[in-house]
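>>> prediction below, plus the sequence it came from.
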Amino acid sequence: MKKFTINLPAWFILFALGAGGAFAATFADDLTFLRPHSDLVVLSDGAARVALSPTWEGRVLTSSAEGDAGPSYGWINRELIASGKLLPHINAFGGEDRFWMGPEGGQYSLFFAPGTKFDLANWFTPPIFDTLPFTVLAQSTHAVRFGASFELTNYSGTRFEVSVDREVHLLPAAGVWQELGVPAAPNVSLVAFESVNRVTNVGKESWRKDRGLLSVWILGMYNPSPATTIVVPIKGGADSELGPRLTSDYFGPVPADRLVVRDRVIFFSGDGTYRSKIGISPRRSRAVLGSYDARNQVLTLIKFTQPADAVDYVNSLWKIQDHPYRGDAANCYNDGPPQPGAKPLGPFYELESSSPAAALAPGESLTHVHRTIHLHGPAPELDAVARAVLGVSLDEITGALQR
């Protein structure tokens, strides 16, 4: 077996020892913890690592750009996993890329039973998105393919028969740098992976707008820090032409020191201390999200497929809706206590993408691709990537919110 020697740069050693802030865990630490609780599939390419769980819907749990000793980028809920308990509303085990389907709220909701109030007491995550396994259909060093078939019933009583084919690929670094549009930075470590999620209507009836449609919804959970800022590039222009720049009232208004909205970019706190959520419509979305942890010098980028001609996206607001297909193409969530004195789910923050609403005839399919890229290294080298992909500098990101 070929041996790999990883020479860690001085800046990484300083950060691993706590100079400027400590990572939550190393990749090896997380795998050691997870193995007694879940089956694991580990993809690798040189120092790049991705760990997945067939036990929990084939989700990507975490990743590393610097091998087993490198920082673990996914948020892992160690307390819940170690307890061995299953909770009634959601089991937030963690993970950087987990498969859900929408909508969450409204008359076509998958998370509320027919006739119930749209509040936290009546919100329940379908088990297939929460605690049930996906089957491993194929596996190699750089990729794994999962499958599952299940039924769902929405708030209006419509029943769906669904098949999911989900592939996760570890991406070659050279191709990712080319996609980013900047030369490979010699002092920056990189790990990138994508999930290709195909859903098929395996029932006998077409999925129709008047009875509710489904969407693919991919969510990534990450470790928060006081120095983490979420960045959302948007299409500039008047609200009269493109609609509002964002939806921000999912859980009430977001304080001004946590959310800054400009013509072509939105900054949102990822500190994990205040429960809040924002959404971006397909008319405003640029199909890219990002975050920067200035404490640990980690730049995270999310890219996803967004068909240019798609206009119908499911609406997940927790109320009966006048416009159930004017939903979001992308969302960002910052965890925190749901009410004063209550315990948060995490804490963590999330970067999320959704497919268009799937109006599928029997046998038809829809595919949604969600790509995650982590870059770890000196700020001057990460700055070039942020400018090229997000359209803003690291100084703009770190100075946007009042700290």
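Perfect, thanks for sending it.

>>> shaky segments in the stretch 301-403 of the chain?
403 (pLDDT under 70).

>>> where along it do the helices fall?
379-390, 394-399 (DSSP state H, counting those that start in this stretch).

>>> relative to residue 31, which of those is closest?
Nearest to residue 31 among those is helix 379-390 (26.3 Å), distances taken as CB to CB. For the C-beta atoms, the positions are set from N, CA and C on the backbone; glycine is no exception.

>>> same for that closest one, what does it pack against?
On a contact count with 3 or more CB pairs under 8 Å, 6 or more residues apart in numbering; DSSP states H and E, helix 379-390 meets helix 173-180, strand 228-233, strand 288-293, strand 298-304, helix 394-399.

>>> beyond the longest one, next helix or strand please.
Think helix 173-180. Remark: after helix 173-180, the chain's next helix or strand is strand 189-201, criterion DSSP states H and E.

>>> dump the C-alpha coordinates for that following strand into PDB.
Extracted C-alpha coordinates of strand 189-201, given in PDB (Å, rounded to 0.1, in the frame of the first residue of the first chain):
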ATOM      1  CA  SER A 189      -5.900  22.900   1.400                       C
ATOM      2  CA  LEU A 190      -9.100  21.900  -0.400                       C
ATOM      3  CA  VAL A 191     -11.800  19.200  -0.200                       C
ATOM      4  CA  ALA A 192     -14.800  19.200  -2.500                       C
ATOM      5  CA  PHE A 193     -17.600  16.800  -3.000                       C
ATOM      6  CA  GLU A 194     -21.100  16.800  -4.600                       C
ATOM      7  CA  SER A 195     -24.300  14.900  -4.200                       C
ATOM      8  CA  VAL A 196     -26.400  14.000  -7.300                       C
ATOM      9  CA  ASN A 197     -29.900  13.400  -6.100                       C
ATOM     10  CA  ARG A 198     -32.500  11.900  -8.500                       C
ATOM     11  CA  VAL A 199     -36.100  11.500  -7.400                       C
ATOM     12  CA  THR A 200     -38.600   9.500  -9.400                       C
ATOM     13  CA  ASN A 201     -42.400   9.200  -9.300                       C
END
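
>>> residues in contact with the nearest residue to residue 84 once chain neighbours are set aside?
Spatial nearest neighbour of residue 84, excluding adjacent residues (CB to CB, 6 or more residues apart in numbering): residue 37 at 7.8 Å. Contacts here follow CB atoms under 8 Å, 6 or more residues apart in numbering; on that basis residue 37 touches 55, 81-82, 84.

>>> and residue 37, how far from residue 343?
Applying CB to CB, to the nearest Å, the value for residue 37 to residue 343 is 21 Å.

>>> kindly report the same for residue 115.
29 Å.

>>> ends of stretch 62-73, how far apart?
Start-to-end span of stretch 62-73 (CA to CA, to the nearest Å) is 6 Å.
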